[in-house]
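Novice: pasting the sequence and the predicted coordinates here, then a few questions.
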Amino acid sequence: MAKLSVEEIQSARSVTVLDYLREYEPGELIRVGLRDYRTKTHDSLVVSDNGLFHWFSTGLGGGNAIDYLIKVKRMDFVSAVRLLNEHRPTVSSFQIVNSNTPLQIEKREFVCPTPDCGNNAIRAYLFRRAISNRVFRYCNDAGILYQTTRGEYKNCVFLGLDVDGEPRAAFVRSCNGVWRGDSVGSQKKYGFCIPAKDPDCDTVEIYESPIDAMSGATLRQVHKREDWRSVYYLSLGGLNYQPLDYFLETHPIARVRLCLDNDKRGREFAEKLSRHLVEQGYKVFDCPPKYGKDYNDQLVHEMHLRFRQAERE
């Protein structure tokens, strides 16, 4: 791999965390003051207008986008510098508004990331995550999952559609590391959803990420207790009510299964979400993964056990 030049490093270091998030993860930013934001994914991570960020729950912090990508996104230094140089955000001026003035948020038009001609990279990546070929092919053929390229990086694109089938959000996941983000203009109320075969199906399963939703679908296929498309699989794209509220407004749902992560934040959100849904008259079932942090952990674990069993036999 070619060495980074001094100019490349200096250019990447000039990108602030706020510039990066505004351009590539605008759905993450939640204003909590005149000069501060927190992020939806990490509610203890505060980003300030002065270019600094501090992740209070971990004690980590930094002063530019490189620090953010390394400490929060877990990228290596070279990958972070290359990413910021290949997709350098446009720095925009910022004016502090009076506290009595309503905040004006610029709405940017949503455009789907450009698809690649093939899908070999995302197919290999998702197969490594134990997603079945049938689930992969369904999502790919339905146009809600495809491959895109940014610079040298291959990415999975998971689309969120409105009730008319129009793309309104794109959730991008790197095949080469842990980078993930929303495309500019994505509306968080439209979650990635694998539809049930029967449009009158009254059951939806709720997951945090698209890969977890695909994992839930794969597990139902592997267990063969019922048709794998006998329920809806909806990803919230994190921990927020918007995709589920929109989905419930547009589908005849009676039962909701909460398949959220088995960690502190996932369990706390499941409890809040359960109360929220019960109050609206839904039957709610809390179904955290039986193994690992999330449903992909459980899927990989079960497939490993099946492989070992097949070897013994």
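Specialist: Nice, I can see it.

Novice: tell me where the chain has strands.
Specialist: With strands called from DSSP state E, the chain shows them at 29-31, 36-39, 45-48, 53-55, 60-62, 145-150, 153-161, 167-174, 180-182, 193-194, 203-207, 232-235, 255-258, 283-286.

Novice: just the ones you listed: most buried one?
Specialist: Between the strands of the chain, strand 232-235 has the highest mean count of neighbours, a mean of 26, where neighbours are mean count of other CB atoms under 10 Å. C-beta here means a position set from N, CA and C on the backbone, and glycine is covered the same way.

Novice: which elements pack onto that one?
Specialist: Here strand 232-235 is seen to pack against strand 193-194, strand 203-207, helix 210-223, helix 242-250 when contacts are counted using 3 or more CB pairs under 8 Å, 6 or more residues apart in numbering; DSSP states H and E.

Novice: can I get those in JSON lines including distance to Ala170 and mean pLDDT?
Specialist: Supplementary listing: these in JSON lines, determined by distance: least, CB to CB, whole Å; pLDDT from 0 to 100:
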{"stretch": "strand 193-194", "distance to Ala170": "14", "mean pLDDT": "98"}
{"stretch": "strand 203-207", "distance to Ala170": "17", "mean pLDDT": "98"}
{"stretch": "helix 210-223", "distance to Ala170": "11", "mean pLDDT": "96"}
{"stretch": "helix 242-250", "distance to Ala170": "14", "mean pLDDT": "93"}
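
Novice: now the ones you listed as TSV including distance to Glu152?
Specialist: Shown next, in TSV, are the helices and strands packed on strand 232-235 (distance: least, CB to CB, whole Å):
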stretch	distance to Glu152
strand 193-194	30
strand 203-207	30
helix 210-223	22
helix 242-250	31
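
Novice: for Asp162, find the nearest of these.
Specialist: helix 242-250 (8.3 Å; CB to CB).

Novice: centre of the chain to the closest one, how far?
Specialist: Relative to the chain's own centre, helix 242-250 is displaced by 17 Å; criterion: CA atoms, centre = their mean, to the nearest Å.

Novice: show me what the helix or strand of the chain with the lowest mean pLDDT is packed against.
Specialist: For the chain, scoring each helix and strand by mean pLDDT, DSSP states H and E identifies helix 77-86 as the least confident one, at a mean of 78. With contacts defined as 3+ CB pairs under 8 Å, 6+ apart, helix 77-86 has these neighbours: helix 6-13, helix 65-71.
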